[in-house]
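Need a 3D model of the sequence below.
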Amino acid sequence: MSDPLASTWVVLRGLPGALSPLSLRTAQTLAARGARVVLLRRPSVRATADPDQRPSGVELLEADDLESALDRIGTELAPVRGVVVETEARGLGTDLHRCTLERWDAIVTSALTGAFEATRAALATFLTEGCEGSIVHVVCASDVAYLGSGTLITAMTALVRSTTREYGSRGIRCNLVVAEPAREVDAARAAAFLASADASFVNGETIRATAEEPRP
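Modelled structure (predicted):
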């Protein structure tokens, strides 16, 4: 079986936002493993790092529409065989009774919608090409115990498993990494593992790179 990392991977954020250290670290790790990596960002947003300082061997593309961007990459560079989607999970605080609907939408709904849009774009790309593919969601959560983070992670788990059930028979894998900001290296390594042929048997699973106690 050929290694999926010997192909083109796209690293992006589910929502408009500057390229984060986690996105850059993940792109660097994938490139070091032999993948051709494209960092995708929205043109109206300035990256946190200067484009000239992006990891060696990593290309940068600006686009508003994710599906069109993946199609462009496949046409101009090489067919896309994997997508890493970063989503930030923030807590709502401890006073749920004071949380407004606007805040809930900004923290939970918008993040989940971004992840859904990225998943849909990746699936459309794989199905159009008639090829196998892999989607790795990476949720960066400052505190997984907070309501906002916990709700998003639960919803993301359901999204990953639903994608697996519906598209697994077509050779499409979808997995989730949950990480704390301080564990960017671990999260990037986990994403690279899930992207590789070594994880060809892993589908619909969640890997946690957090400091919380292991579950019994």
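
Could I get the full set of strands for this protein?
Assigned by DSSP state E, the chain shows strands spanning 8-13, 36-41, 58-62, 80-89, 133-141, 172-179, 206-209.

Of those strands, which is nearest Val108?
Using CB to CB as the measure, strand 80-89 is the one of those that comes nearest Val108, at 8.4 Å. Where you see a C-beta, it was placed from the backbone N, CA and C, and this is true even at glycine.

tell me the angle the closest one makes with strand 36-41.
Taking axes from the mean of the first three to the mean of the last three CA atoms, to 10 degrees, one finds that strand 80-89 is oriented at 40 degrees with respect to strand 36-41.

Next, the buried residues of strand 80-89.
Of the residues in strand 80-89, those scored as buried under the neighbour-count criterion (16 or more other CB atoms under 10 Å) are Val80, Arg81, Gly82, Val83, Val84, Val85, Glu86, Thr87, Glu88, Ala89.

do stretch 177-184 as well
Of all the residues in stretch 177-184, those buried under the rule 16+ other CB under 10 Å are Val177, Val178, Ala179, Glu180, Arg183, Glu184.

For the protein, which residue occupies the most central location?
Val85 (1.7 Å; CA atoms, centre = their mean).

before we move on, the earlier item: sort the buried residues of stretch 177-184 by pLDDT and name the bottom one.
Sorting those by pLDDT puts Glu180 at the bottom of the list (82).

Which residue, other than its chain neighbours, is closest to that one?
Counting by CB to CB, 6 or more residues apart in numbering, Glu180 lies nearest to Thr210, which is 5.0 Å off, once chain neighbours are set aside.

Quick check: the farthest pair among the buried residues of stretch 177-184?
When CB to CB is used, the two most widely separated members of those are Val178 and Glu184, lying 12.9 Å apart.

quick one on the thing from earlier: how about the residue nearest to Glu180, what does it touch?
Each residue near Thr210 by CB atoms under 8 Å, 6 or more residues apart in numbering is listed here: Ala141, Val144, Val178, Ala179, Glu180, Arg183.

how close does Gln28 get to Val11?
In this structure, Gln28 and Val11 are separated by 10 Å, where distance is defined by CB to CB, to the nearest Å.

oh, I was asking about Thr87
Per CB to CB, Thr87 is found 12 Å from Val11.

Please identify which of Gln28 and Val11 sits among more neighbours.
Comparing Gln28 with Val11 by neighbour count (other CB atoms under 10 Å), the higher total belongs to Val11, at 31 against 19.

How many neighbouring residues does the closest residue to Gly57 other than its chain neighbours have?
Using CB to CB, 6+ apart and skipping residues adjacent in sequence, the residue nearest Gly57 is Ala31, 4.3 Å away. Other residues within reach of Ala31, judged by other CB under 10 Å, total 21.

and if you look at Ser169?
Ser169, neighbours per other CB under 10 Å, totals 8.

worst-scoring helix or strand of the protein, pLDDT-wise?
Taking mean pLDDT, DSSP states H and E as the measure, the helix or strand of the chain with the lowest value is helix 101-104, at a mean of 83.

buried ones in it?
Buried positions in helix 101-104, judged by neighbour count with 16+ other CB under 10 Å: Trp104.

Ile207 is in contact with Val177, isn't it?
Yes: under the criterion of CB atoms under 8 Å, Ile207 lies in contact with Val177, with a separation of 5.0 Å.
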